[in-house]
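> Sequence plus predicted model, see below.
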Amino acid sequence: MASVSFCTALGSSRTYLVPFKLNHAGRTTRKSSIRQSMTTRAEVKFVDSKEAEELVKLGGYVIVDVRDKTQYERAHIKSCYHVPLFVENTDNDFGTIVKRTVHNNFSGLFFGLPFTKPNPDFIGSVKKSFTIDSKILLVCQEGLRSTAAANQLEAEGFQNVACLTSGLQSVKTGNFDSVGSTELQNAGKAGLVTVQGKISAVLGTALICAYLFITFFPEQAEKLLQLAPGS
């Protein structure tokens, strides 16, 4: 009568318990339900901007930008591939229209964020340009989308995936050559918050100048106040 035992299969980043049958002759046979070949997933490398620069220049990694179209067009790294993890949602069913209207009047208006949905062709697009052995460095603006993309590619068997921690907002000027109307660090800034920031800066500067004028030239300031209407 055959007995069932377990053995351990060690991979680069995973440990598996593999059941097998022990026959009377002392030979082992894998259970038919276990696939004859097992693919071991490689761990995703999480790197900072300096390490990312070295991976590209010395390690042969290719950059894949997974941001949406609007952020990519504001600024992106030269010679990178653009495969968005999310694409603009133009669906016209009632629920989507309501969500899009709410989004455009809040997040879209204040932060310039487009209304998006997961890109159903993301994996397919990556597979068209790369093999599972390709060295890929994933980047986004904050590091969240690139992490999600890395998990998807890892699940598909890609073996050499790296991810820029904290995203392009953390890179320093000069780390990468870029193209666009702004710096890579600022590509995520849009909407009314940018205008409000400029207005706040102008008002703040004016108030500081007024305070300094009153402090160092009190007599002149008093005369100006007397000339003001209603004083």
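Now that the structure is in, tell me what you want to look at.
> alpha carbons only for contacts and neighbour counts from here, please
OK.
> Which residues are in contact with the nearest residue to residue 147 once chain neighbours are set aside?
If the residues on either side of it in the chain are set aside, residue 147 comes closest to residue 163, at 6.5 Å by CA to CA, 6 or more residues apart in numbering. Residue 163 makes contact with 44, 45, 46, 47, 137, 138, 139, 143, 146, 147, 150, according to CA atoms under 8 Å, 6 or more residues apart in numbering.
> right, and the fourth one touches residue 166 too?
Looking back up the chat, that one is residue 47. No: the criterion here is CA atoms under 8 Å, and residue 47 misses it with residue 166 at 9.2 Å.
> and stretch 48-62, how far apart are its ends?
One end of stretch 48-62 to the other measures 16 Å (CA to CA, to the nearest Å).
> before we move on, the earlier item: show the buried residues in the contacts of residue 163.
For those, a neighbour count by 16 or more other CA atoms under 10 Å gives the buried set as 44, 46, 47, 137, 138, 139, 143, 146, 147, 150.
> possible to save the residues you listed as TSV with secondary structure, distance to residue 179 and pLDDT?
Output for the buried ones among the contacts of residue 163, formatted as TSV (DSSP: H, G, I helix; E, B strand; the rest coil; distance: CA to CA, whole Å; pLDDT from 0 to 100):
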residue	secondary structure	distance to residue 179	pLDDT
44	coil	27	92
46	strand	24	96
47	strand	22	96
137	strand	18	98
138	strand	17	98
139	strand	15	97
143	coil	20	93
146	helix	20	96
147	helix	23	95
150	helix	24	96
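> wait, which of those is closest to residue 127?
Nearest to residue 127, judged by CA to CA, of the buried ones among the contacts of residue 163 is residue 150 at 13.4 Å.
> and that closest one, what is it in contact with?
Per CA under 8 Å, 6+ apart, neighbours of residue 150: 44, 138, 161, 162, 163.
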